[in-house]
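Student: Sequence and predicted structure, then a few things I'm wondering about:
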Amino acid sequence: MAGGKADLPGAVLFACNRNSVRSPMAAAILHHLAGKRVYVESAGVRPGEPDAFAIAVMEELGIDMSKHRPMSIADLHDTSFDLIVSLAPEAHHQALELTRAQAVEVEYWPTPDPTLASGNREQILSAYRCVRDGLFNRIKQRFPLAGAPSV
């Protein structure tokens, strides 16, 4: 059933290093596109702090990330995911560790860390937008979400 609910995983975890930029952006995008059709969570190898630039660039798409509170993979109450998408090497190693105890599909999507960007505010925001748009496009390609909005 192409483009239908049957093609979607039931539960997806996005994982990165600090769960403050990449993984919460990806989770918010998939949640925005799929709604309640998929359970979506994000976590990091260790929790960071909320990131104002990430919140700002997501708000540009009408996605509110202001209530996101970073957490670690170890803080998750349930790790029963159908798919874990890791966005950073360290997170990928942790995701693979979870496969030792349970059957879960793991995908690695190397994603640049926009917190490493330098320059003025607009240059930094541009780096965040690039990551946001890359994640948005990758999610649209990976998940069968007919009728979902575009960037």
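Tutor: Nice, thanks for sending it over. Numbers count the residues shown, from 1 in each chain.
Student: got the buried residues for stretch 80-98?
Tutor: Within stretch 80-98, the residues that count as buried by 16 or more other C-beta atoms under 10 Å are 81, 83-88, 91-92, 94-95, 98. Heads up, the C-betas are built off the backbone N, CA and C, glycines and all.
Student: In PDB, could you pull the C-alpha coordinates for it?
Tutor: Output in PDB follows, covering the C-alpha atoms of stretch 80-98 (Å, rounded to 0.1, in the frame of the first residue of the first chain):
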ATOM      1  CA  SER A  80      10.800  -0.400  21.900                       C
ATOM      2  CA  PHE A  81      11.300   1.400  18.600                       C
ATOM      3  CA  ASP A  82      10.800   0.000  15.100                       C
ATOM      4  CA  LEU A  83      13.500   2.300  13.700                       C
ATOM      5  CA  ILE A  84      16.300   4.300  15.200                       C
ATOM      6  CA  VAL A  85      17.800   7.000  13.000                       C
ATOM      7  CA  SER A  86      21.200   8.200  14.300                       C
ATOM      8  CA  LEU A  87      22.500  11.500  13.200                       C
ATOM      9  CA  ALA A  88      26.000  11.500  14.700                       C
ATOM     10  CA  PRO A  89      28.700   8.900  15.000                       C
ATOM     11  CA  GLU A  90      28.500   8.600  18.800                       C
ATOM     12  CA  ALA A  91      24.700   8.200  18.700                       C
ATOM     13  CA  HIS A  92      25.100   5.600  16.000                       C
ATOM     14  CA  HIS A  93      27.300   3.500  18.300                       C
ATOM     15  CA  GLN A  94      24.700   3.700  21.100                       C
ATOM     16  CA  ALA A  95      21.900   2.800  18.700                       C
ATOM     17  CA  LEU A  96      23.800  -0.300  17.600                       C
ATOM     18  CA  GLU A  97      24.200  -1.300  21.200                       C
ATOM     19  CA  LEU A  98      20.400  -1.300  21.600                       C
END
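Student: Could I get the average pLDDT for that stretch?
Tutor: Averaging pLDDT along stretch 80-98 yields 94.
Student: what does stretch 42-53 give?
Tutor: 96.
Student: Could you tell me the end-to-end distance of that stretch?
Tutor: Taking C-alpha to C-alpha, to the nearest Å, stretch 42-53 runs 18 Å from one end to the other.
Student: Report the buried residues of it.
Tutor: In stretch 42-53, counting by 16+ other C-beta under 10 Å, buried: 42-45, 47-48, 50-51, 53.
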